[in-house]
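Engineer: Sequence first, then the predicted structure:
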Amino acid sequence: MRGLAAMVIGMVLASSAAAETLRVEGIFPAQAREASFLPTIAVGAFAGPDGEELADAIERRLAKLGADGLPHVRLIPPSLRPDGMLTGRTDVSVADSDYSETRERCAEKKDGKCVRKEKYRVDCVRRTIDFRADLRLMRRSGGGLPYAVSKTRDDRHDWCEDSGVASDVGSVVHGFVESVAAEVRLDLAPHAENYTIRVQERRDGLPPAAAARFKEAVRLTKRDPAAACAAFAEVDRMAPDHGSTVFNLALCAEAAGRYAEAGDRYTRARLFAPKAAGEVSKGLGRVGALAAGAQDVAAMRARPPVMGTGL
């Protein structure tokens, strides 16, 4: 399949070993949606310790955009006058604090058994590593900052003279850098996700015939998701406004890419499935994001291709 059709939301069979779930494939928008619509960007200078490493890590990820078939901002060299220039600064702080811990050991044995114990203290170190990256994407034409964020990471590690080893600052900071770079990629371009959501299985309040059909619908999710959704719709006609059924139909609509319908059904599920309130809120958040992602991708595909340097 080509274009957006390649990313159309679909239900696929979950593993037979999995719980009763529906699998969803969808496109989520860039976190910085305005920045994602810039035709071209470049990664400029990053100041501070490990700034160059972070710039390289971000550039590596942005260079791979498009591998999933989605439209995206184009990465070009800074010398070619990009529409947006990403710069930043990093700061790293390392603090070691001494403390002690109490241990216990055998001080006297008799007949192979410890008959007296004593306590003693050992010296220990607590190391805290803090990392901060301040990022700014400056628009070349007209100025403005479509993307300006601060990202922080921290790690705390303890060790003592009789146990553990000191944390390696370089390795920890490298992990922070890669984590931040991966997050920046999600900030600046839409991405596809494939995930599973568990269906609601409560049948309380359903008449016997509807309850039996509901149970069969839940079983069908393992081998035939489309048939399962059709069965949930049948249950809804037999016994309207049952909480679990309303939720599951919302999930079916989400998996089919019918986001407006999914949002309406999740909203109804707030009323009829109060025990699933947390999952309902997550569902509403997902379908709102998925609708935005589909809208952004369609708009990006409708633009003329970037042929030059952002001039």
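Structural biologist: On my side now, so go ahead. Note that the structure is a prediction, hence the values are computed from the model and not measured.
Engineer: from here on, contacts and neighbour counts on C-alpha atoms
Structural biologist: Noted.
Engineer: can you confirm residue 46 is in a strand?
Structural biologist: Yes: assessed with DSSP: H, G, I helix; E, B strand; the rest coil, residue 46 lies in a strand.
Engineer: number of nearby residues for it?
Structural biologist: 21 (other C-alpha atoms under 10 Å).
Engineer: how near is the closest residue to it other than its chain neighbours to residue 285?
Structural biologist: In this structure, residue 46 finds its nearest non-sequential neighbour in residue 88, 4.6 Å apart by C-alpha to C-alpha, 6 or more residues apart in numbering. Using C-alpha to C-alpha, to the nearest Å, one gets 30 Å for the distance from residue 88 to residue 285.
Engineer: Looking at the two, which has the bigger crowd around it?
Structural biologist: Relative neighbour count places residue 88 above the other of residue 88 and residue 285, with 22 against 13, counting by other C-alpha under 10 Å.
Engineer: and that one, what element?
Structural biologist: strand 84-110 (DSSP states H and E).
Engineer: What residues of that strand count as buried?
Structural biologist: Across strand 84-110, burial judged by 16 or more other C-alpha atoms under 10 Å covers 84-90, 92.
Engineer: for it, the distance to its chain's centre please.
Structural biologist: In terms of C-alpha atoms, centre = their mean, to the nearest Å, the centre of strand 84-110 is found 29 Å from the chain centre.
Engineer: Please renumber the chain so that the first residue is 512 from this point on.
Structural biologist: All right, first residue 512 from here; so that's strand 595-621.
Engineer: List the strands paired with it, with their directions.
Structural biologist: Take DSSP bridges as the rule and strand 595-621 pairs in its sheet with strand 551-558 (parallel), strand 624-650 (antiparallel).
Engineer: Count the neighbours of the residue nearest to residue 692 when sequence neighbours are not counted for me.
Structural biologist: Excluding its sequence neighbours, the residue lying closest to residue 692 (C-alpha to C-alpha, 6+ apart) is residue 569, at 4.7 Å. Neighbour count of residue 569, defined by other C-alpha under 10 Å: 22.
Engineer: helix or strand for residue 569, which one?
Structural biologist: helix 562-574.
Engineer: Give me the contacts around the very next helix or strand once past that helix.
Structural biologist: Next in sequence after helix 562-574, counting helices and strands by DSSP H and E, comes strand 585-586. Strand 585-586 has contacts (C-alpha atoms under 8 Å, 6 or more residues apart in numbering) with 550-554, 573-574, 817.
Engineer: quick one: which of those is nearest residue 791?
Structural biologist: residue 573 (33.6 Å; C-alpha to C-alpha).
Engineer: tell me the pLDDT at the closest one?
Structural biologist: pLDDT, residue 573: 96.
Engineer: what's it in contact with, if anything?
Structural biologist: 586, 696.
Engineer: From residue 553, how far off is it?
Structural biologist: Residue 573 is 9 Å from residue 553, by C-alpha to C-alpha.
Engineer: Likewise for residue 587?
Structural biologist: Distance of residue 587 to residue 553, computed by C-alpha to C-alpha: 5 Å.
Engineer: residues shared between the contacts of these two?
Structural biologist: Counting by C-alpha under 8 Å, 6+ apart, the common neighbours of residue 587 and residue 553 are residue 593.
Engineer: What is the end-to-end distance of stretch 694-705?
Structural biologist: In stretch 694-705, first residue to last residue: 18 Å (C-alpha to C-alpha).
Engineer: my read is residue 759 is in a helix, agree?
Structural biologist: Yes: membership of residue 759 in a helix is supported by three-state DSSP.
Engineer: Now it: closest residue in space that isn't a chain neighbour?
Structural biologist: residue 710 (5.7 Å).
Engineer: Next, count neighbours for the one you found.
Structural biologist: When neighbours are counted by other C-alpha under 10 Å, residue 710 comes out with 20.
Engineer: show me where pLDDT drops low in this protein?
Structural biologist: Applying pLDDT under 70 to the chain flags the ranges 512-529, 817-822.
Engineer: Make a markdown table out of the contacts of strand 585-586 and add distance to residue 638.
Structural biologist: What follows is those, written out as a markdown table (distance: C-alpha to C-alpha, whole Å):
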| residue | distance to residue 638 |
| --- | --- |
| 550 | 44 |
| 551 | 41 |
| 552 | 38 |
| 553 | 36 |
| 554 | 32 |
| 573 | 33 |
| 574 | 35 |
| 817 | 48 |
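Engineer: I'd like to know which of those residues are buried.
Structural biologist: Here, 16+ other C-alpha under 10 Å leaves 550-554, 573 buried among the contacts of strand 585-586.
Engineer: Tell me the one of these nearest residue 646?
Structural biologist: Of all these, residue 554 has the smallest distance to residue 646: 10.6 Å, by C-alpha to C-alpha.
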